[in-house]
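A.B. asks: generate coordinates for the sequence data below:
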Amino acid sequence: MPDDIARWLTEHAHPLGSLSPGVPTQDLKPLGEALHGTRVVGLGESTHGTAEFFRLKHRIVEFLVREEGFTTLALEAGQSAGRALDAYVRHGTGDPGHLVGKLDFWTWRTREMVDLIEWLRAHNRDLPEERRVRFVGMDPQRCADSVEAVTAFLRRAAPGRVGEAQALDVLAHARPSSLPDPRQALMRQAEEIVRLVEGHRERSGPGDGADVLEHARVLVRAADLVTRPFDPFAGEDSVFAARDRYMAESVTRLLDDVPGARVMIWAHNGHIAKGTYGEGIPALGSRLRERYGDAYYALALLFGKGSFLARRGDDLQGPPVPHRVRTGIRSIEARLADAVRGDYYADLRTGPAPWLDSPQAQRSFGANVPRFVYRFHTAPLVPARDYDGLAFVARSTCSHPLPGTGE
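C.D. replies: Reported below is the predicted structural model:
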């Protein structure tokens, strides 16, 4: 391990007294200081199935809401289903477990996520409407609620055109690139429905159909993702780049439309990073850094060793199962574990050091991981280029799925 990593972290790492929410937050004060002047913070994770990441980010959300004035939590989950969760956290409408399940991503259907949603509701309960924290889904895929809302609207306002909405039923659960079509006919149908809803609002007044119009726009984005071909080398035209662009636009609308808004993004490290991932895909975080400069702060969450949940190989239907990794020697996580014991946070904007600008390798696990060889999977990293801060968790354990985790 290069000595400069150990020396730098010995000086700059701040121990985390707890990973659990609901405890005093004095140890998070250095993070609050680093976020002065920011409008949006990306809260990353190197796996979607680590209980400690859920708990620590829940704790950070509590701190940022109560003490730093953040106003919105934006999750790497469906824009469509997220609207019902927003109604719950702001107004208490619905059942949190059921609504989390409707996000249609196994990664979020956990006891830990329900705990966070229930905390947001408890925080909002006695606040005036204008001070209540919002919940937003950033991702346009998996939009069953939007299909239902648009279909119901057309039955009422234009019954002769209900068939056009029914043709979009496939968007309720379809995955990106699952229906590749160079002409993107499905997207053109969705755009026509947007024009239909807009025309109805012009005739009936802007207050009629505003919510449906946003649902219709979600369908356009979803249809775009579904019909784009799977080509990881297509750069800005790839389905991966389009997905991150749509998520960035979702956050941008929150920041630009609401004066004083401050947004917390909950997503994978690959998405919140300030650079690119995969085959040069511009990340969500890179788009926010380009637009907002240092007012965007990317916080990566990494772990030393332990277990996490993920699906095996290309299995898109089976339940997530435990996967285990040791500290190893190849990744930056091994060096971080050796440099400082325990759990800690470090602001990478504090003071230069050669290792911060040197190529490294970081662990990166998605919702699915390859069989057997996942232990050796790493992604390239230049710490200061990709992230503004990191939180390191010494040991990972599996998140706790709610009943019925199959998709």
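
A.B. asks: which residue ranges of the stretch 1-150 of the chain form strands?
C.D. replies: Using DSSP state E, counting those that start in this stretch, the strands of the stretch 1-150 of the chain run over 14-15, 40-43, 72-78, 134-139.

A.B. asks: where does the stretch 101-250 of the chain dip in pLDDT?
C.D. replies: Within the stretch 101-250 of the chain, the segments meeting pLDDT under 70 span 205-208.

A.B. asks: do that again at 50, thanks
C.D. replies: The model of the stretch 101-250 of the chain has no residue with pLDDT under 50.

A.B. asks: would you map the helices across it?
C.D. replies: For the stretch 101-250 of the chain, the helices defined by DSSP state H, counting those that start in this stretch cover 111-124, 144-157, 162-166, 185-204, 210-227, 239-257.

A.B. asks: how close does R66 sit to L116?
C.D. replies: Noted for R66: a distance of 14 Å to L116, by CB to CB, to the nearest Å. Yep, even glycine has a C-beta here, placed from its N, CA and C like the rest.

A.B. asks: repeat that for P383.
C.D. replies: 28 Å.

A.B. asks: of these two, who's got more company?
C.D. replies: Each of P383 and L116 has its neighbours counted (other CB atoms under 10 Å); L116 has more, 26 against 23.

A.B. asks: my guess is the more buried one contacts V61. True?
C.D. replies: Yes. Using CB atoms under 8 Å, L116 is in contact with V61, at 6.7 Å.

A.B. asks: overlap in contacts of the two?
C.D. replies: Contact criterion CB atoms under 8 Å, 6 or more residues apart in numbering; residues shared by L116 and V61: P21.

A.B. asks: just the CA coordinates for the biggest strand by length in the chain, please, in CSV.
C.D. replies: Identified as the longest strand of the chain according to DSSP state E is strand 296-312. The C-alpha coordinates for strand 296-312 follow below in CSV (Å, rounded to 0.1, in the frame of the first residue of the first chain):
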residue,chain,number,x,y,z
TYR,A,296,-22.7,19.2,-7.0
TYR,A,297,-21.0,16.9,-4.6
ALA,A,298,-20.4,13.2,-5.3
LEU,A,299,-20.1,11.0,-2.2
ALA,A,300,-19.1,7.3,-3.0
LEU,A,301,-19.8,4.5,-0.5
LEU,A,302,-17.3,1.7,-0.5
PHE,A,303,-16.8,-1.4,1.7
GLY,A,304,-13.9,-3.6,2.8
LYS,A,305,-15.2,-7.1,3.0
GLY,A,306,-18.4,-9.1,3.7
SER,A,307,-21.6,-10.1,1.9
PHE,A,308,-24.2,-8.4,-0.3
LEU,A,309,-27.3,-9.3,-2.3
ALA,A,310,-27.4,-9.5,-6.1
ARG,A,311,-28.9,-11.7,-8.7
ARG,A,312,-26.8,-14.4,-10.4
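
A.B. asks: list the buried residues of the next helix or strand after that strand.
C.D. replies: The first helix or strand that comes after strand 296-312 along the chain, using DSSP states H and E, is strand 321-325. Of the residues in strand 321-325, 323, 325 count as buried by neighbour count, 16 or more other CB atoms under 10 Å.

A.B. asks: now for strand 321-325, which elements pack on it?
C.D. replies: In this structure, strand 321-325 packs against strand 296-312, with contacts taken as 3 or more CB pairs under 8 Å, 6 or more residues apart in numbering; DSSP states H and E.

A.B. asks: the strand it packs on pairs with which strands?
C.D. replies: Sheet pairing of strand 296-312 (DSSP bridges) gives strand 40-43 (parallel), strand 321-325 (antiparallel), strand 368-369 (parallel), strand 389-396 (parallel).

A.B. asks: tell me the angle of it relative to helix 239-257?
C.D. replies: Comparing the axes of strand 296-312 and helix 239-257 via axes from the mean of the first three to the mean of the last three CA atoms, to 10 degrees yields an angle of 140 degrees.

A.B. asks: how close does the residue with the largest distance to the centre of the chain get to T151?
C.D. replies: The centre of the chain is farthest from one residue, G160, which by CA atoms, centre = their mean lies 38.3 Å away. To T151, G160 is 13 Å away according to CB to CB.

A.B. asks: M113 versus K274, what's the distance?
C.D. replies: As defined by CB to CB, K274 lies at a distance of 26 Å from M113.

A.B. asks: looking at these two, which one has more neighbours?
C.D. replies: Comparing K274 with M113 by other CB under 10 Å, the one with more neighbours is M113, at 26 against 22.

A.B. asks: with adjacent residues omitted, what lies nearest to the more buried one?
C.D. replies: Distances taken as CB to CB, 6 or more residues apart in numbering put V100 closest to M113, at 5.4 Å, once the chain neighbours are dropped.

A.B. asks: then L288?
C.D. replies: Leaving aside its sequence neighbours, L288 sits nearest to Y296 (CB to CB, 6+ apart; 4.3 Å).

A.B. asks: buried sites along stretch 360-378?
C.D. replies: Buried-residue list, stretch 360-378, by 16+ other CB under 10 Å: 360, 362-369, 374.

A.B. asks: just put those in a markdown table and tack on secondary structure, distance to Y88 and pLDDT.
C.D. replies: Output for the buried residues of stretch 360-378, formatted as a markdown table (DSSP: H, G, I helix; E, B strand; the rest coil; distance: CB to CB, whole Å; pLDDT from 0 to 100):
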| residue | secondary structure | distance to Y88 | pLDDT |
| --- | --- | --- | --- |
| Q360 | strand | 40 | 94 |
| Q362 | strand | 35 | 96 |
| R363 | strand | 34 | 95 |
| S364 | coil | 32 | 95 |
| F365 | coil | 30 | 96 |
| G366 | coil | 28 | 94 |
| A367 | coil | 24 | 94 |
| N368 | strand | 29 | 94 |
| V369 | strand | 32 | 94 |
| Y374 | helix | 35 | 93 |
